[in-house]
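Colleague: from the sequence below, what's the structure:
(one chain, ligands or ions: 2)
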Amino acid sequence: MKTLKIIKIGGNIIDDASSLSAFIELFAKLEGPKILIHGGGKLATKLATDLGMEVNMIDGRRVTNAATLDIITMVYAGKINKNIVVQLQAKHCNAIGFSGADGNTIVSKKRPATPIDYGFAGDIAQVNTAVLEVLLTQGVAPVFCALTHDQNGQLLNTNADTIASELAIAFANTYETELYYCFEKNGVLRDVDDETSVIKHISTENYQDLMQQRIISEGMLPKLLNCIYAIQKNVNKVCIGKPEMLSNPNANFTTITK
Ligand SMILES: Nc1ncnc2c1ncn2[C@@H]1O[C@H](COP(=O)(O)OP(=O)(O)O)[C@@H](O)[C@H]1O
Ligand SMILES: CC(=O)N[C@@H](CCC(=O)OP(=O)(O)O)C(=O)O
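Modeller: Ligands and ions are numbered 1, 2, ... in the order given. Below is the predicted model:
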């Protein structure tokens, strides 16, 4: 079976021009089929705040009203997605930008309003891989932003970490899938301010202890839950760390195991 690399980059990499261009260079050089998923929550928060809009995050997830949905559509599907695609083209990596509506690739359901009303937030119901398979076999890299659709005309905000794990799971029958969460830290840290405190292995058995000890908080909460879910659903490899882990297996990063 061929290996498919599914790589997610977070807000702090996107926000920093030199980190982003270093990542783009690394991604462009990766051999074989690959998919990139980007977040951008940080930039959306900044723009919304600059416009005097209230930003409400609960457990690392954004409460998305109609005005917020407009902002994130412009930021995620527009500015960030196109900026990444154009930079990949400059490195001779052919790429195409996607939301879940494009090619009907990711269909989601609006999250129920109870117990917490997240507004226009979508939980993924279906991933359609056919269009993506065609691109992957042509050597084209799909680049996903954090938007899905309900097939009824509504875009929905979906956590980028979740999009990455659901894409990896959807391809797990046809490829050896490797899922990498790249962000600005070395991995999941025992002490968030100490880059040397990387937890090298997290398993489906010990992750709940880490949650209970509050070692995991904010954006790391949905990230780790997505990692655990992916490894349980037969994704072959799941890692969290700096982009260097993509080219250096000896780098310090976190691996999630069954
Ligand atoms: N134990 C931990 N190890 C590393 N980061 C953590 C931990 N707990 C919380 N975090 C926070 O989670 C953030 C990553 O989540 P998030 O802000 O959503 O980033 P991204 O945009 O990369 O997905 C880190 O920047 C860090 O502040
Ligand atoms: C529902 C939800 O929370 N969606 C996220 C989507 C963006 C994202 O995931 O960005 P990062 O990966 O950079 O955090 C949000 O709007 O913040």
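Colleague: residue contacts, Leu4?
Modeller: Applying C-beta atoms under 8 Å, 6 or more residues apart in numbering, we find Leu4 in contact with 32-35, 136, 168, 171, 175-178. Just so you know, the C-beta spots here come from the backbone N, C-alpha and C atoms, and that holds for glycine as well.
Colleague: kindly recompute the last result at 10 Å.
Modeller: By C-beta atoms under 10 Å, 6 or more residues apart in numbering, Leu4 lies in contact with 32-35, 132-133, 136, 167-168, 171-172, 174-179, 235-236.
Colleague: could you do His38 as well?
Modeller: 7-11, 13-14, 20, 23, 76, 80-81, 83-84, 97, 143-146, 160, 163-164, 182.
Colleague: on that earlier part again, mind giving me the ChimeraX select for the contacts of Leu4, buried ones only?
Modeller: A single ChimeraX command selects the buried members of those (16 or more other C-beta atoms under 10 Å):
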select :33,34,35,132,136,167,168,171,172,175,177,178,179,235,236
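Colleague: which of the contacts of Leu4 fall in helices?
Modeller: Secondary structure from DSSP state H places 132-133, 136, 167-168 of the contacts of Leu4 in helices.
Colleague: could you dump these to a markdown table with pLDDT and distance to ligand 2?
Modeller: Shown next, in a markdown table, are those (pLDDT from 0 to 100; distance: C-beta to the nearest ligand atom, whole Å):
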| residue | pLDDT | distance to ligand 2 |
| --- | --- | --- |
| Leu132 | 98 | 20 |
| Glu133 | 98 | 25 |
| Leu136 | 98 | 23 |
| Leu167 | 98 | 14 |
| Ala168 | 98 | 15 |
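Colleague: out of the residues you listed, which two sit at the greatest distance?
Modeller: Spatial extent of the ones in helices among the contacts of Leu4 (C-beta to C-beta) is set by the pair Glu133 and Ala168 at 14.4 Å.
Colleague: can you get me a residue count around the nearest residue to Gly10 once chain neighbours are set aside?
Modeller: Leaving aside its chain neighbours, Gly10 sits nearest to Phe183 (4.0 Å; criterion: C-beta to C-beta, 6 or more residues apart in numbering). A count of nearby residues for Phe183, using other C-beta atoms under 10 Å, gives 21.
Colleague: same check on Gly78?
Modeller: Neighbourhood size, Gly78 [other C-beta under 10 Å]: 13.
Colleague: same check, this time on Asn252
Modeller: Residue neighbour count, defined by other C-beta under 10 Å, stands at 15 for Asn252.
Colleague: do the same with Lys237
Modeller: Neighbours of Lys237 (other C-beta under 10 Å): 17.
Colleague: also Ser197?
Modeller: Neighbours of Ser197 under the rule other C-beta under 10 Å: 14.
Colleague: cool, and Lys242?
Modeller: As a measure of burial, Lys242 has 21 neighbours, counting by other C-beta under 10 Å.
Colleague: ok, it touching Asn186?
Modeller: Yes: here Lys242 reaches Asn186: they are 5.9 Å apart, a contact under C-beta atoms under 10 Å.
Colleague: once you drop chain neighbours, what's closest to the residue of the stretch 1-150 of the chain found nearest ligand 2?
Modeller: As assessed by C-beta to the nearest ligand atom, ligand 2 sits closest to Gly39 within the stretch 1-150 of the chain, at 2.1 Å. Once flanking residues are discounted, Gly39 sits nearest to Ala160: 3.8 Å by C-beta to C-beta, 6+ apart.
Colleague: which stretches of the protein form helices?
Modeller: Using DSSP H, the helices of the chain run over 11-15, 17-29, 41-50, 66-72, 81-90, 130-137, 160-170, 207-212, 220-232.
Colleague: does the fourth one reach ligand 1?
Modeller: No: applying C-beta under 6 Å from any ligand atom, one finds that helix 66-72 is not in contact with ligand 1, the shortest distance being 13.5 Å.
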